[in-house]
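Colleague: kindly return the folded structure for what I paste below:
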Amino acid sequence: MREADFLEPAAAAKAVLRLDPRDDVAVALRPLAAGEVVEIDGHLLTVAEEVPHGHKLALHAMAAGERVHKFGWPIGVLTAPVAEGEHVHSHNLSTLLSGVEGYAYAPAGDGPVEAPDSLGFLGYRRADGRVGTRNEIWILPTVGCVGRTAQKIAAAAQARHAGQVDGIHAFAHPFGCSQLGDDLGGTRAILAALACHPNAGGVLLVGLGCESNQIDPLVEEIPEPLRERVRTLRAQGVEDEMEAGLALVDTLVAQAAPAKRERVGFGELVIGLKCGGSDGFSGLTANPLVGRMADRAAAAGGSAILSEIPEIFAAERLLMARARSADVFDALASVVNDFKRYFLAHGEPVSENPSPGNIAGGITTLEEKSLGAVQKSGRAPLEDVLRYGGRMRRRGLSLLEAPGNDAVSSTALAAAGATIILFTTGRGTPLGFPVPTVKIASNSDLAMRKRGWIDFDAGAVLSEGLDAAAEALAARIAAIASGEESAAERNGEREIAIWKRGVTL
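Modeller: Here you go, the predicted structure:
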């Protein structure tokens, strides 16, 4: 798949857009009426029936059983014949995905990335060399039983220490008790990784005392040099857990408060790549735009992390061709097929996607959704593959095992080390996560309607072109990384979600 170079300035003036010369369908850039005549690639086409904006119409007649191409790749097979100008969607198009696949390593060579630039931001450089975009105190409960306790400590401490650090936040969750094996290990790994995050100038681990997720094994997963900024509280072991918790936060604030922002390069960012509530424009505007940001960070020596493994099904070969080595290719093939087996073992098809909101927005099959979603990764080589709960090990582009669920995958991105998350959306969501979460609307209508949720309007790609929109988004990212609040931060939207895969005792 080529970069979205079809998005030239003034594309918004068009009624339909063909994304690749090999495509059998075009995308409606506005609602189309039956009988309307539209121009596409110098040819006139009569719209046969109403086509909602973001949806697809056939560019020529096709028979049932034929494969339909978008982005230059198959996105499904027709279940009924289609005439030129007809609406192509879930009523006549079905997925081709079925199960586990075999893959062969066929590297395509390094893709082009943007040249390093002088754009930077004001960040907090930590003792280990990493750079945070915030200097906060995080309170992490080891178990759901003390989630509210952690939140009450955070609220009282925030009132006590307002202005001394960038914020004091608790991240409650329902797990840590009655878990076994890998399931418990996943909870522990996520919490330990969050405790290591450079956006946290200090961390308080709040336990109950009797839970499966004991504090001591959790602390052992935190590297020794980082433990000096971690405090622990066992609620069953003190008379007044609020008083004890606040006293510990006092010490953390005193330790973290002297940190100052300093100017650093764009390459000091670790960018989490996420899409949620995608629509037919996500793969045209917001995701290619975020891909530019991933490439920009990689070219500057920084990092980007892509996740949501089920939402690369059918597009995984595009990433495999960019694997830096055979080992990275093998790790990618393994994580993709392991996730497919996870679905199949639970009696679910691997294609149980898109969501109702995706379908309403014009996405028909998982293939179509994945081909749009993978564009967030840009074109840089894939340097590493991380399992769930893993932490970033190499600069450049990494792939992280996590499901498509917004909260679970975004939490995993933060735990892996993302210091800012670029979250593209065509439907909108108020959710926010431990690190600044930049909401990027795929269409201008959403950006205008939900101004309280959205940080950037990627609909500008259609009117101003990809280059101009990329410069504007990079500047917005730099401002938020330097301390300007994202919409989710202004709204107090901060949460985590942990992927539970095992039995509960």
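Colleague: ok, and the closest non-adjacent residue to residue 225?
Modeller: Counting by C-beta to C-beta, 6 or more residues apart in numbering, residue 128 is the residue found nearest to residue 225 once chain neighbours are left out, at 6.5 Å. Where C-beta positions appear, they are placed from N, C-alpha and C, glycine not excepted.
Colleague: got the contact list for that neighbour?
Modeller: 198, 225, 226 (C-beta atoms under 8 Å, 6 or more residues apart in numbering).
Colleague: and the second one, that's in a helix?
Modeller: Yes: according to DSSP: H, G, I helix; E, B strand; the rest coil, the state of residue 225 is that of a helix.
Colleague: what about residue 306, distance to residue 267?
Modeller: Between residue 306 and residue 267 the computed distance is 18 Å (C-beta to C-beta, to the nearest Å).
Colleague: and the two? Which one has more around it.
Modeller: residue 306 (28 against 20; other C-beta atoms under 10 Å).
Colleague: what's the separation between the residue nearest to residue 225 and residue 334?
Modeller: 30 Å.
Colleague: same question for residue 499.
Modeller: 18 Å.
Colleague: direction included, what does the biggest strand by length in the chain pair up with?
Modeller: Criterion DSSP state E: the longest strand present in the chain is strand 200-207. Sheet pairing of strand 200-207 (DSSP bridges) gives strand 136-141 (parallel), strand 230-234 (parallel).
Colleague: can you give me the domain assignment for this protein?
Modeller: Following automatic domain parsing, one gets these domains for the chain: 11-94, 136-258, 264-490.
Colleague: may I see those domains organised as a markdown table, with mean pLDDT and distance to residue 105 added?
Modeller: Converted to a markdown table, the domains of the chain look like this (pLDDT from 0 to 100; distance: least, C-beta to C-beta, whole Å):
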| stretch | mean pLDDT | distance to residue 105 |
| --- | --- | --- |
| domain 11-94 | 94 | 19 |
| domain 136-258 | 97 | 28 |
| domain 264-490 | 95 | 4 |
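Colleague: for residue 258, give its distance to residue 164.
Modeller: Applying C-beta to C-beta, the value for residue 258 to residue 164 is 10 Å.
Colleague: before we move on, the earlier item: can you name the next helix or strand after the longest strand of the chain?
Modeller: helix 215-220 (DSSP states H and E).
Colleague: check which helices and strands that next one is in contact with.
Modeller: Counting contacts by 3 or more C-beta pairs under 8 Å, 6 or more residues apart in numbering; DSSP states H and E, helix 215-220 packs against helix 181-195, strand 200-207, strand 230-234.
Colleague: which residues does it contact?
Modeller: Outside helix 215-220, the residues within contact range by C-beta under 8 Å, 6+ apart are 142, 188, 191, 192, 195, 205, 207, 227, 230, 232, 234.
Colleague: report the buried residues of it.
Modeller: Buried positions in helix 215-220, judged by neighbour count with 16 or more other C-beta atoms under 10 Å: 215, 218.
Colleague: thinking again about what came up before, next one: the longest strand of the chain to chain centre, how far?
Modeller: 25 Å (C-alpha atoms, centre = their mean, to the nearest Å).
Colleague: using CSV, write down the CA coordinates of it.
Modeller: The C-alpha coordinates for strand 200-207 follow below in CSV (Å, rounded to 0.1, in the frame of the first residue of the first chain):
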residue,chain,number,x,y,z
ALA,A,200,5.4,9.6,36.9
GLY,A,201,7.8,11.5,39.2
GLY,A,202,6.6,9.3,42.0
VAL,A,203,4.5,6.2,42.5
LEU,A,204,2.5,4.9,45.5
LEU,A,205,1.5,1.3,45.3
VAL,A,206,-1.5,0.7,47.5
GLY,A,207,-2.3,-2.9,48.5
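Colleague: just want the angle from that strand to helix 181-195.
Modeller: Here the directions of strand 200-207 and helix 181-195 differ by 140 degrees (axes from the mean of the first three to the mean of the last three C-alpha atoms, to 10 degrees).
Colleague: tell me which of the domains of the chain lies nearest to residue 121.
Modeller: domain 264-490 (4.1 Å; C-beta to C-beta).
Colleague: now the end-to-end length of the closest one.
Modeller: This stretch, domain 264-490, spans 25 Å end to end (C-alpha to C-alpha, to the nearest Å).
Colleague: now what about stretch 174-193, what contacts it?
Modeller: Counting by C-beta under 8 Å, 6+ apart, 140-145, 147, 173, 205, 208, 211-213, 217-219, 221-222, 388-391, 411-412, 415-417, 496, 498-505 sit against stretch 174-193.
Colleague: ugh, wrong one, I meant stretch 469-478
Modeller: 119-121, 266, 269, 271, 285, 289-290, 292-293, 296, 420, 422, 438, 440, 455-456, 458, 460-461.
Colleague: what's the answer for stretch 225-235, then?
Modeller: Residues outside stretch 225-235 that contact it (C-beta under 8 Å, 6+ apart) are 127-128, 146, 149, 195-196, 200-209, 215, 219, 222, 241, 244-245, 248-249, 251-252, 255-256.
Colleague: quick one: end-to-end length of it, please.
Modeller: End-to-end distance for stretch 225-235, by C-alpha to C-alpha: 26 Å.
Colleague: tell me the buried residues in stretch 84-104?
Modeller: Applying 16+ other C-beta under 10 Å to stretch 84-104 flags 85, 86, 87, 88, 89, 92, 93, 95, 97 as buried.
Colleague: any idea how far that stretch is from the chain center?
Modeller: With C-alpha atoms, centre = their mean, you get 24 Å for stretch 84-104.
Colleague: need the distance between the two termini of that stretch.
Modeller: 37 Å.
Colleague: so the nearest residue to residue 449 once chain neighbours are set aside is in which element?
Modeller: Spatial nearest neighbour of residue 449, excluding adjacent residues (C-beta to C-beta, 6+ apart): residue 428 at 7.7 Å. For residue 428, there is no host helix or strand (DSSP H and E).
Colleague: and the helices in this structure?
Modeller: Secondary structure of the chain (DSSP state H): helices at 147-161, 181-195, 215-220, 241-256, 286-299, 316-320, 326-345, 356-360, 366-373, 406-416, 444-449, 460-464, 466-481, 487-490.
Colleague: right, and the ones you listed - which one's nearest residue 71?
Modeller: The nearest among the helices of the chain, by C-beta to C-beta, is helix 366-373 at 4.5 Å.
Colleague: give the contact list for residue 278.
Modeller: 354, 358, 361, 363, 369, 372, 373, 424, 425, 426, 427, 442.
Colleague: ok, back up a step: for the residue nearest to residue 225, grab phi and psi.
Modeller: Main-chain torsions, residue 128, degrees, to the nearest 10: phi -90, psi 10.
Colleague: quick one: it and residue 261, what's the gap?
Modeller: Relative to residue 261, residue 128 is positioned 17 Å away (C-beta to C-beta).
Colleague: now the most centrally placed residue in the chain. Nearest residue, chain neighbours left out?
Modeller: Among the residues of the chain, residue 274 comes closest to the average C-alpha position under C-alpha atoms, centre = their mean, at 1.5 Å. Nearest residue to residue 274, sequence neighbours excluded (C-beta to C-beta, 6+ apart): residue 423, at 4.7 Å.
Colleague: point out the most buried one among the domains of the chain.
Modeller: Each of the domains of the chain was scored by mean neighbour count; the highest is domain 264-490, a mean of 22, by mean count of other C-beta atoms under 10 Å.
Colleague: picking up where we left off before, and the residue nearest to the centre of the chain, how close does it get to residue 227?
Modeller: According to C-beta to C-beta, residue 274 stands 30 Å off from residue 227.
Colleague: OK, contacts around residue 121?
Modeller: Per C-beta under 8 Å, 6+ apart, neighbours of residue 121: 133, 263, 264, 266, 268, 269, 477, 478, 479, 481, 482.
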